[in-house]
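>>> Need coordinates for the below:
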Amino acid sequence: MTLGLVKKVIPRQAVNSLWQKARANRHSDGKTCPACKRRMPEVSISCGHRTENLDVCTGCHFIWFDPREFESLPKKAAPKVPKASQISDKEKKARALIRLEKLKIELRDQQDAYEASPDAWWEVVVAYMGIPVEYNYTPLKHWPIATWLLAGVIAVVSLATFRDLESVVTNWGLIPAEFSRHFGLTFVTSFFLHGGLIHLLGNLYYLVIFGDNSEDVLGKGRYLLLVAIAAIVGDVAHIISDPDSTIPCVGASGGISGILAYYCLRFPKASVGIVVFFHWVRLPVGAMLALWVILQIIAAMQQWVGIGNVAVFAHLGGAAVGILFWLWAHHSISK
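Now for the predicted structure:
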């Protein structure tokens, strides 16, 4: 059953307690949700003299019942409804107004849920910087060690080069017109370098937020393979877009774009929050990906005529790998 349907027959206090326990269990080793294939936390709930263990999917907002589990839960008392012939016209109007008011409250609650700002102060700061904030956190089955390790290496290398950034970028950044220098090692070194602290923090944020769930379902090997291929294809796309450029290109954006595209396709029911004209709005990750691709295409068209210096073709190339990787991984898993 959906959480909303359960609330209609089970006392609200019991349902709220069940949901809070499920949200608190972020690293779940329970059963797989038949709908979205995520791991579900198993939550214990007291039912008189016995305890039931229910499977709750925090992504789908589903509660999956085994036989006789639903019957054992406490139920709301059914209201006594008089026969229609015993209800006066005045009472019928009053009840219609009450139903209308309840409907207004439900619609307002839904709107508030989509417009309410996040609880953590740093999420508010991130949102006002134009960066999406993750909602509907998907519980992890494994610790995202590869994501954390990759983020740590990128951070250490980038911070270590900030003292002499211009020289390091010039020598070890990827230059399209000289892509074969240092025996092609700049394809690798440019991935770990960043043009400044904001550039670094932005990439690390996207890597950690969207990388942990991607690693959890792909496994460390295939996850790192996705990052590597997306980064290389992104570099190649950047070179093809302007092969005569002598401007060094640095950053892990190509690989992270691959992770972003894969995450949005793999977890279509997840959502993110963004700020639009000082109002908090939630979007499905699919809508976020579509909006991101449109913005990248617009930026690519501007760059094609000489406006802007962001390597948007590297972003698009990496995202294309993420889409293809999702198709490949989805096909291989479904076999």
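
>>> can we go C-alpha only for contacts and neighbour counts from here?
Fine.

>>> Where does the prediction get shaky in the stretch 51-200 of the chain?
Within the stretch 51-200 of the chain, the segments meeting pLDDT under 70 span 77-86, 105-124, 127, 136-138.

>>> quick one, helices of it?
Taking DSSP state H, counting those that start in this stretch to define them, one finds helices in the stretch 51-200 of the chain at 69-72, 89-115, 121-128, 145-161, 165-172, 186-192, 197-218.

>>> can these go into CSV with extra columns for mean neighbour count and distance to Pro284?
Formatted as CSV, those follow (neighbours: other C-alpha atoms under 10 Å; distance: least, C-alpha to C-alpha, whole Å):
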stretch, mean neighbour count, distance to Pro284
helix 69-72, 14, 31
helix 89-115, 12, 11
helix 121-128, 15, 16
helix 145-161, 16, 23
helix 165-172, 17, 37
helix 186-192, 22, 29
helix 197-218, 19, 14
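
>>> Go through those and name the closest to Ser46.
Among the helices of the stretch 51-200 of the chain, the nearest to Ser46 by C-alpha to C-alpha is helix 69-72 (9.7 Å).

>>> That closest one packs against which elements?
For helix 69-72, there is no helix or strand it packs on, judged by 3 or more C-alpha pairs under 8 Å, 6 or more residues apart in numbering; DSSP states H and E.

>>> Does Gly273 belong to a helix, a strand or coil?
strand (DSSP: H, G, I helix; E, B strand; the rest coil).

>>> mind listing what it touches?
For Gly273, the contacting residues are Ala127, Pro132, Val133, Glu134, Tyr135, Trp280, Val281, Arg282, Leu283, by C-alpha atoms under 8 Å, 6 or more residues apart in numbering.

>>> Return the distance of the fifth one relative to Lys220.
Separation of Tyr135 from Lys220 (C-alpha to C-alpha, to the nearest Å): 24 Å.

>>> Now do the contacts for Glu42.
Per C-alpha under 8 Å, 6+ apart, neighbours of Glu42: Ala22, Ser28, Gly30, Lys31, Asn53, Leu54, Asp55, Val56.

>>> out of those residues, who's nearest Lys141?
Ser28 (5.5 Å).
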